[in-house]
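1. got a structure for you, letters missing:
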């Protein structure tokens, strides 16, 4: 990615060479119905035996800072980081972790967490990571499915994992035994770091080997283990490198590394590009502002709830955020009004959103940084991907501006779900096209717009109502801090739009106020028919609304 005169990131050049049957503006092939990227094609590493860790550390960046602890200022250079990853990998092999062995990490964001994840993969193992705030039963489901050989955690979380009767590896400098009595083999990460990296057993990786298992958020049912290969990660990081900023930037990592967004994009790709990552162990809005000011953060990857906080919070005005060049949002779509509101408050910052899935290794579309005409879009198709927009009734491929299900194909896309051939077979076709389940359209210039999840569309009589559209309107109200919309069963209409509202502290908004506010701005069939005021919208760690919890809550509220 090049630079403009202000030093802000601009997008890579678009291809200008004509291709038969393909519309140069949209990238749509009128013969096959496939959308092609408008960006110039990129070359992926051809060595079939390349692993993701070697790919990340392909350049010796020496004393450049790689990782920084936001709370303490402690840091690791690239030289130190690579040395620790190699040593820890050797130590893991000495305690019995080998090729194909699964290691589960249950820990918050930290420098040690990043080292451990990379070391597991460099030792030939498969890393899987669980949300540290998950319940024991939630973690148990992942343990049962992934069958780990070792659990990496912190001392404070031993109580959550001790019942699984698996060997433990404790992060942190403290090498005293955990307070919870256990006869399980217990190792200390600080001890592994003293291992001789030259004693790591030699074996041959293959790009098709599994590197990681990331579990979907489970918002529509039990979470599924998405198989991520070394090739998937190599493709994703190479793509991001060739279409990412070419000057050294400072990223703030608040997105959890147990999610593909935090691991693939914010960690692996950022390290591959040689940038500095400032790591926050857990999200705290004011501490995020402190870190931006203290470390002069230039790039901030976040999720929609934090975007809304930045727009509406008076706290942000108390801190110096002038170092920010780019705020990138992912996890859920935001409309043009939100983008405009952000631009009004932070005119010096480029705000863009992208589209990605766990199944695509966190790439899908990317924003054109120089474009100001397509706010609300999630950008243009990545260079390595192809797409279709498919009519959900007929299976026909659709041209620009027609709405249907998004299908994706490319080298970063998973080969399927662990121990779930049934779901795999219903999520991919015979050629490897992924059915995303997202209701979308491309415009005539190749920009993608996400309408909503197909399963979340509200069926009001003969009409389809997108919850995301109503939520975006609600969030524009100055007395609404957060909102979510679901379909509520109705014997006459089938479903009616029902809103859950989090009011601002001094708000006196009533149900009638909410209904009237929406009715003024939408067609009659989209009107909110029921309203419930709650203290907090339930969300996953990545910021996605947990609609199933709201469905359950709706039965108790009405």
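-> Thanks, I have it. What you are looking at is a predicted structure, and each value in this text was computed from that prediction instead of being measured. Numbering: from 1, shown residues only.

2. For residue 75, which residues are in contact?
-> 65, 66, 67, 68, 69 (C-beta atoms under 8 Å, 6 or more residues apart in numbering). Where you see a C-beta, it was placed from the backbone N, CA and C, and this is true even at glycine.

3. Could I have the ChimeraX command that selects the buried members from those?
-> Selecting the buried subset of these in ChimeraX, with 16 or more other C-beta atoms under 10 Å as the burial test, is done by:
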select :65,66,67,68,69
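
4. I'd like the contacts of residue 75 as a markdown table, with secondary structure and distance to residue 445 appended.
-> Formatted as a markdown table, these follow (DSSP: H, G, I helix; E, B strand; the rest coil; distance: C-beta to C-beta, whole Å):
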| residue | secondary structure | distance to residue 445 |
| --- | --- | --- |
| 65 | strand | 39 |
| 66 | strand | 38 |
| 67 | strand | 39 |
| 68 | strand | 39 |
| 69 | strand | 43 |
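
5. Let me have the contacts of residue 75 in JSON lines, extended by distance to residue 175 and pLDDT.
-> JSON lines is the format used below for the contacts of residue 75 (distance: C-beta to C-beta, whole Å; pLDDT from 0 to 100):
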{"residue": "65", "distance to residue 175": "27", "pLDDT": "97"}
{"residue": "66", "distance to residue 175": "25", "pLDDT": "97"}
{"residue": "67", "distance to residue 175": "22", "pLDDT": "98"}
{"residue": "68", "distance to residue 175": "24", "pLDDT": "98"}
{"residue": "69", "distance to residue 175": "20", "pLDDT": "97"}
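
6. which of the contacts of residue 75 lies closest to residue 192?
-> residue 67 (17.5 Å; C-beta to C-beta).

7. which element is residue 552 on?
-> Assigned by DSSP states H and E, residue 552 belongs to helix 547-557.

8. got the buried residues for that helix?
-> 547, 549, 550, 553, 554.

9. Is it correct that the fourth one is in contact with residue 488?
-> Translated: residue 553. No. Counting by C-beta atoms under 8 Å, residue 553 stays clear of residue 488, with 11.0 Å between them.

10. so who does residue 365 touch?
-> 354, 355, 356, 378, 379, 380, 381, 382, 448.

11. measure the third one to residue 289 for me?
-> Applying C-beta to C-beta, to the nearest Å, the value for residue 356 to residue 289 is 26 Å.

12. ditto for the fourth one
-> Here the criterion is C-beta to C-beta. By it, residue 378 lies 26 Å from residue 289.

13. between the two, which one's more packed in?
-> Neighbour count, other C-beta atoms under 10 Å: between residue 378 and residue 289, residue 378 has more, with 24 against 21.

14. if I pick the more buried one, what's in contact with it?
-> When contacts are counted by C-beta under 8 Å, 6+ apart, residue 378 is found next to 333, 353, 354, 355, 364, 365, 367, 448, 449, 450.

15. distance of it from residue 339?
-> Taking C-beta to C-beta, one finds residue 378 at 11 Å from residue 339.

16. list residues touching both of these two?
-> residue 353.

17. Show me the helices in the stretch 351-500 of the chain, by range?
-> 421-427, 467-475 (DSSP state H, counting those that start in this stretch).

18. and the gap between the nearest residue to residue 321 once chain neighbours are set aside and residue 285?
-> Take residue 321 and drop its neighbours on the chain: the residue closest to it by C-beta to C-beta, 6 or more residues apart in numbering is residue 292, 5.5 Å away. Look at residue 292 and residue 285: by C-beta to C-beta, they are 11 Å apart.

19. neighbour count winner among these two?
-> The neighbour comparison of residue 292 against residue 285 (other C-beta under 10 Å) goes to residue 292, with 23 against 15.

20. In contact with the more buried one, which residues?
-> 252, 300, 319, 321, 323, 324.

21. ok, now residue 385?
-> Applying C-beta under 8 Å, 6+ apart, the residues contacting residue 385 are 37, 360, 363, 364, 408, 409, 410, 412.

22. and which of those is nearest residue 468?
-> residue 364 (16.6 Å).

23. so how many other residues sit close to that closest one?
-> By other C-beta under 10 Å, neighbour count at residue 364 equals 27.

24. quick one: it and residue 358 touch, right?
-> No. Assessed by C-beta under 8 Å, residue 364 is found out of contact with residue 358, at 10.8 Å.

25. now the strands for the stretch 301-450 of the chain?
-> Assigned by DSSP state E, counting those that start in this stretch, the stretch 301-450 of the chain shows strands spanning 326-329, 350-353, 365-366, 380-381, 386-390, 404-409, 434-442, 448-453.

26. er, the stretch 51-200 of the chain actually
-> 65-69, 75-77, 102-106, 126-130, 150-153, 168-170, 186-188.

27. by how many degrees do the helix ranked longest in the chain and strand 102-106 diverge?
-> Longest helix of the chain, by residue count under DSSP state H: helix 78-94. Using axes from the mean of the first three to the mean of the last three C-alpha atoms, to 10 degrees, the inter-axis angle of helix 78-94 relative to strand 102-106 is 120 degrees.

28. Among the contacts of residue 385, the buried ones, what's the PyMOL command?
-> Only the buried entries of those go into this PyMOL selection, using 16+ other C-beta under 10 Å:
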select buried, resi 37+360+363+364+408+409+410+412
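
29. sorry, back to before: quick check: angle from the strand or helix carrying the residue nearest to residue 321 to strand 65-69?
-> Applying DSSP H and E as the criterion places residue 292 in helix 285-295. Here the directions of helix 285-295 and strand 65-69 differ by 140 degrees (the same axes, to 10 degrees).

30. wait, residue 437 sits on residue 457?
-> No. With contact defined as C-beta under 8 Å, residue 437 does not count as touching residue 457 (10.9 Å).

31. Report the contact partners of the nearest residue to residue 263 once chain neighbours are set aside.
-> Spatial nearest neighbour of residue 263, chain neighbours left out: residue 257 (5.0 Å); criterion: C-beta to C-beta, 6+ apart. By C-beta under 8 Å, 6+ apart, residue 257 lies in contact with 109, 113, 114, 117, 129, 263, 266, 267.

32. All set, thanks.
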